[in-house]
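1. with the sequence up front, the predicted model follows.
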Amino acid sequence: MLDKIKEENILFIDIETVAQQPSYDMLNNHTKELWAKKMSWTSEKESKTPEELYERAGIWAEFGKIVCISAGFIVTEDGERHFRVKSFCGNNEKMILTAFSALLSKHFNKDKHMLCAHNGKEFDFPYICRRLLVNGLPIPKILDCAGKKPWEVNNLDTLELWRFGDYKHYTSLDLLANIFNLPSPKENMDGSMVGHAYWVDQNIDSISEYCINDVVTICQLFLRYKGLPIISETNVDVIPPFITDDQDASE
């Protein structure tokens, strides 16, 4: 199957998410109740209060928001492969999603096009779709899987490809990078640090850099899966990011 896929038709993506509020105390009472219900099983299992678990709120689209989407694609210039990657990031989720959707609608809107992410089918793709709806935005064609059977959804997932049908098996992107001799995307940050970088440090640049590193690794991993040479670091072209400093209207 992979032999038939042209890597130039793939947009490799990754997202970074945080809790909608910097602290549990800033939630209204009804949202606190809903969060407690959501976390009831985890609270009992780990003997932690909903407040202690709120640091994980960014994992769920109902309680989190997207602060960065990075996307990259392969192009061939003068016989050499280049990887062009760009981030859409900042404080206004609706503007981030609008700009990213415009990219998809303009450049990745044909049947041949695909998205690829690590654990994308269980996290990135549905999370983006849910937050699009919450923000009153349409779902781009490439993400709209309503009514489709699983085998009719063309988007790729480097985790799913590695599972080979073993759906109980989870392998992190960092581990796969290690075994395929790729640079670690987690040298300066990992997912657990994004919330602090956003709410406390207010360092969107570090989040964007981390997200871009993940996207580059996903692309290189996919090339390894296909038995192709990876793209040299000098041929990774980082395009200036789309950054919005405006706050979401809901904040």
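-> Here it is on my side, so go on.

2. now the longest helix along the chain: buried residues?
-> In the chain, assigned by DSSP state H, the helix with the most residues is helix 204-225. Across helix 204-225, burial judged by 16 or more other Cβ atoms under 10 Å covers 204, 207-224. Just so you know, the C-beta spots here come from the backbone N, C-alpha and C atoms, and that holds for glycine as well.

3. tell me who's in contact with residue 15.
-> By Cβ atoms under 8 Å, 6 or more residues apart in numbering, residue 15 lies in contact with 66, 68-70, 117, 123-124, 127-128, 211.

4. residue 17 pairs with what?
-> residue 66 (DSSP bridges).

5. dihedrals phi and psi, the residue lying farthest from the centre of the chain?
-> Distance from the C-alpha centroid of the chain peaks at residue 78, with 30.8 Å (Cα atoms, centre = their mean). In terms of degrees, to the nearest 10, the main-chain angles of residue 78 are phi 50, psi 40.

6. got it, and residue 11?
-> Torsion angles, degrees, to the nearest 10, at residue 11: phi -110, psi 120.

7. swap in the one 4 residues further on?
-> The phi and psi values for residue 15, taken as degrees, to the nearest 10, are phi -130, psi 150.

8. how much space separates it from residue 77?
-> 28 Å (Cβ to Cβ, to the nearest Å).

9. related to what we said a few turns ago, distance from the chain centre to the longest helix of the chain, please.
-> The chain centroid and the centroid of helix 204-225 are separated by 10 Å under Cα atoms, centre = their mean, to the nearest Å.

10. below-threshold pLDDT in the stretch 101-250 of the chain: ranges please.
-> For the stretch 101-250 of the chain, applying pLDDT under 70 flags the ranges 151, 246-250.

11. what is the neighbour count of residue 58?
-> 23 (other Cβ atoms under 10 Å).

12. cool, the one 5 residues further on as well?
-> Other residues within reach of residue 63, judged by other Cβ under 10 Å, total 20.

13. again with residue 11
-> 21.

14. can you pull up the bridge partners for it?
-> Using DSSP bridges, the bridge partners assigned to residue 11 are residue 115.

15. hmm, back to that, can you tell me how far the residue farthest from the centre of the chain sits from residue 235?
-> For residue 78, the distance to residue 235 - Cβ to Cβ - is 11 Å.

16. for stretch 223-241, how far is the first residue from the last?
-> Stretch 223-241 has its terminal residues 25 Å apart, counting by Cα to Cα, to the nearest Å.

17. distance of the closest residue to residue 20 other than its chain neighbours relative to residue 75?
-> Among residues not flanking residue 20 along the chain, residue 65 sits closest, at 5.3 Å (Cβ to Cβ, 6 or more residues apart in numbering). Separation of residue 65 from residue 75 (Cβ to Cβ): 31 Å.

18. what about these two, which has more around it?
-> Higher neighbour count among residue 65 and residue 75: residue 65, with 26 against 12, using other Cβ under 10 Å.

19. contacting residues for that one?
-> If you count contacts by Cβ under 8 Å, 6+ apart, residue 65 has them with 17-20, 58, 93, 131, 248.

20. again, 7 Å this time
-> By Cβ atoms under 7 Å, 6 or more residues apart in numbering, the contact set of residue 65 is 17-18, 20, 93, 131.

21. can I get those in a markdown table including neighbour count and distance to residue 231?
-> Shown next, in a markdown table, are the contacts of residue 65 (neighbours: other Cβ atoms under 10 Å; distance: Cβ to Cβ, whole Å):
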| residue | neighbour count | distance to residue 231 |
| --- | --- | --- |
| 17 | 27 | 27 |
| 18 | 23 | 30 |
| 20 | 19 | 36 |
| 93 | 27 | 30 |
| 131 | 21 | 30 |
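
22. identify the farthest-apart pair in those.
-> 18 and 131 (12.0 Å; Cβ to Cβ).

23. element containing residue 76, please.
-> Per DSSP states H and E: residue 76 is located in strand 64-77.
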